[in-house]
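> let me see the structure of the following:
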Amino acid sequence: MPSPLIHAHGDSCCQPAAGHIHLILSHSTDDFYLEIPIAVVQSNSVHPIKYLRFLGWCIIGILGTVKSDRAGADVTDNAPLQDQGTYFYVYDAPDDDAALRYAVDPDVIKARSNTSASDSSTRARAKAFKDSLLKRDASCVFTNKPVLFCEGTHIIPFHKGDEWFDLIVKNRPASLDEDVSDLTTVEDRRNGMLLGLEAHVVAESRQVVVVHTPNLVLNVDDVPPRHPRTLSEHIDYPDGQRYTLQWLHGAAEERAVIPNNSDATFKKHSRTPTPSPMLLHYNYGAAAVKWWGHGKSHLGISNRPTMARPSVPVPAAAGPVRTKRTPAQLDASIQKHATGNIGGSGSGPRDSEVERDGEVMDPDEVIMFFWARNPAALERRDREVEDQKREEEERATRMEQWRGSVIAV
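Below is the predicted model of the structure:
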């Protein structure tokens, strides 16, 4: 029986629940780990230890090995999982700061948006994205559901915006077999798939995710055989690679609707790029943290002071009313709250100081302190000012033309 897990700061964590294992992901402490159902590992992989290595790579972004003791020998890929066992994902990093350089940001999958689904511009964008996917996807890529009953599903949610998307792409190490230099917008076809309504729902909630093989850890035969289905003559599985839907969380009756290990199909002879493996694996790691992660604050901004993060749209506040401020007012407010709290470590405002002088400090404003001087953000602000100025000039010109026509009559 494995010993209880002891955290570096002295708190003890109970051993894994029956039918589960712990995978420690933090670099030099035991603060951050996954508690993973063994049944899920076995249903998603042929070699469970190799699957743990894949999870570690997806989440941390650095290749590593799996050990049963941080300083011990590597566990072989063919070894069975020990029920209630504790494993360590061990990777090369000089310190804890460097260990988080490429790690996923779990906030990327939070569906926080103040955009109404009934908004006409949102509907137009959704239709345009779906239409772009039809150049590659003939139907639901996993179930053959007809186009009428499908949605264009983003891997990284579109409401995160292009700035957040760009940071995700640039935050991951470059891959030799995928060129992402021109992957700059959340509306890129490589950031989406055509999914039937049922698949769309569970993909949006991250109950299902997609693994692309081969990748730096898994080969195509490390994933269980695909679920069989009848294909029409104009679609096929991609040659030499697999895009495999896998369940991370869900009841048996939910899983029956979309079988585990269903492989994606695409139009034959289409030259449209397939979904980005890098984005899929980023999403896979973030979803694993969502369902199985403990100590998730380890990945937060307080432990990654140099990590750039754009602001994210949030729903209407349920608490104190926040006054809308101009960028200049916002910058001044952030500077006021942050002054005296930014030391050599780069840590942000303390929790006890998020409310001062009767003014409520939005958490996203704290985040903005770290990126408000980002060239992309400054450029966007300049464009907004120019667009507003141009609109005012055009409005004045139209008014003069109207006045001239009235006088002439």
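> from now on I want contacts and neighbour counts done on CA atoms only, so please keep to that.
Will do.
> quick one: low-confidence ranges for this protein?
In the predicted model, the chain carries pLDDT under 70 at residues 1-13, 111-119, 174, 311-381, 384, 402-409.
> helices along the stretch 151-300 of the chain, start to end?
161-171, 197-204, 252-257, 277-292 (DSSP state H, counting those that start in this stretch).
> need the residues that contact the last one.
Just to be clear, that refers to helix 277-292. Helix 277-292 is contacted from outside by 34-36, 55-56, 58-59, 104-106, 108-109, 155-156, 169, 178, 191, 206-207, 209-212, 248-249, 296, using C-alpha atoms under 8 Å, 6 or more residues apart in numbering.
> quick one: buried ones out of the residues you listed?
By neighbour count, with 16 or more other C-alpha atoms under 10 Å, the contacts of helix 277-292 hold 34-36, 55-56, 58-59, 104-106, 108-109, 155-156, 169, 191, 206-207, 209-212, 248-249, 296 as buried.
> what domains does the record give for this protein?
Split into domains by automatic domain parsing, the chain comes to 5-101+294-303, 106-291, 327-369.
> list the buried residues for stretch 31-41?
D31, F32, Y33, L34, E35, I36, P37, I38, V41.
> and these as JSON lines, adding distance to Y243 and secondary structure?
Supplementary listing: those in JSON lines, determined by distance: C-alpha to C-alpha, whole Å; DSSP: H, G, I helix; E, B strand; the rest coil:
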{"residue": "D31", "distance to Y243": "33", "secondary structure": "coil"}
{"residue": "F32", "distance to Y243": "29", "secondary structure": "coil"}
{"residue": "Y33", "distance to Y243": "27", "secondary structure": "strand"}
{"residue": "L34", "distance to Y243": "24", "secondary structure": "strand"}
{"residue": "E35", "distance to Y243": "25", "secondary structure": "strand"}
{"residue": "I36", "distance to Y243": "22", "secondary structure": "strand"}
{"residue": "P37", "distance to Y243": "23", "secondary structure": "strand"}
{"residue": "I38", "distance to Y243": "22", "secondary structure": "helix"}
{"residue": "V41", "distance to Y243": "18", "secondary structure": "helix"}
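> for F142, state which of those is nearest.
V41 (20.8 Å; C-alpha to C-alpha).
> where's the closest residue to that closest one other than its chain neighbours relative to G285, distance?
In space, and not counting its chain neighbours, V41 is closest to P48: 6.0 Å by C-alpha to C-alpha, 6 or more residues apart in numbering. Counting by C-alpha to C-alpha, to the nearest Å, the gap from P48 to G285 is 16 Å.
> so K296 is in contact with L34, correct?
No - checked against C-alpha atoms under 8 Å, the pair K296 and L34 is beyond contact range at 9.3 Å.
> my reading is that V66 is in a strand; is that accurate?
Yes - using DSSP: H, G, I helix; E, B strand; the rest coil, the assignment for V66 is a strand.
> ok, and the closest non-adjacent residue to E163?
With sequence-adjacent residues excluded and distances taken as C-alpha to C-alpha, 6+ apart, E163 is closest to P310, at 6.5 Å.
> oh sorry, the question was meant for L231
Leaving aside its chain neighbours, L231 sits nearest to N144 (7.8 Å; criterion: C-alpha to C-alpha, 6+ apart).
> and that neighbour, how many neighbours?
Neighbour count of N144, defined by other C-alpha atoms under 10 Å: 20.
> any idea how far it is from R304?
Separation of N144 from R304 (C-alpha to C-alpha): 42 Å.
> cool, F54 as well?
Distance from F54 to R304, counting by C-alpha to C-alpha: 23 Å.
> also L195?
Shown here: L195 relative to R304, a distance of 35 Å by C-alpha to C-alpha.
> again with K268
Distance from K268 to R304, by C-alpha to C-alpha: 44 Å.
> neighbour count: these two, which is higher?
A count of neighbours by other C-alpha under 10 Å puts R304 above the other of K268 and R304, at 20 against 15.
> OK, contacts around the more buried one?
D97, L100, R101.
> filter the residues you listed to the buried ones?
L100, R101.
> quick check, nearest of the contacts of R304 to Y91?
L100 (11.2 Å).
> and stretch 139-153, end to end?
12 Å.
> before we move on, what about stretch 210-218?
13 Å.
> distance from the chain centre to that stretch, please.
17 Å (C-alpha atoms, centre = their mean, to the nearest Å).
> so how far is N283 from the residue nearest to A93 when sequence neighbours are not counted?
Nearest in space to A93, with sequence neighbours left out and distances taken as C-alpha to C-alpha, 6+ apart, is A99 at 5.3 Å. Computed as C-alpha to C-alpha, the A99 to N283 distance reads 19 Å.
> ditto for N144
23 Å.
> do the same with Y33
17 Å.
> try R189
16 Å.
> list the contacts for P80?
Residues counted as contacts of P80 (C-alpha under 8 Å, 6+ apart) are P48, I49.
> so G196 sits against A138, correct?
No - under the criterion of C-alpha under 8 Å, G196 makes no contact with A138, lying 11.4 Å away.
> those two: which is more packed in?
G196 (24 against 20).
> quick check: closest non-adjacent residue to the more buried one.
That would be C150: by C-alpha to C-alpha, 6+ apart, it lies 4.1 Å from G196.
> quick one, what contacts the one you found?
Applying C-alpha under 8 Å, 6+ apart to C150 gives the contacts S139, C140, L194, L195, G196, L197, H200.
> give me the buried subset of those residues.
S139, C140, L194, L195, G196, L197, H200.
> okay, and which of the residues you listed map to strands?
Secondary structure from DSSP state E places L194, L195, G196 of those in strands.
> from these, which is closest to E163?
L194 (23.8 Å).
> quick one, what contacts that closest one?
K130, L133, L134, D137, S139, C140, V141, C150, E151, G152, T153.
> that older thread, find residues that contact each of G196 and A138.
With C-alpha under 8 Å, 6+ apart as the test, G196 and A138 both reach V147.
> helices of the stretch 1-150 of the chain, residue ranges please.
Using DSSP H, counting those that start in this stretch, the helices of the stretch 1-150 of the chain run over 38-44, 48-60, 96-99, 120-133.
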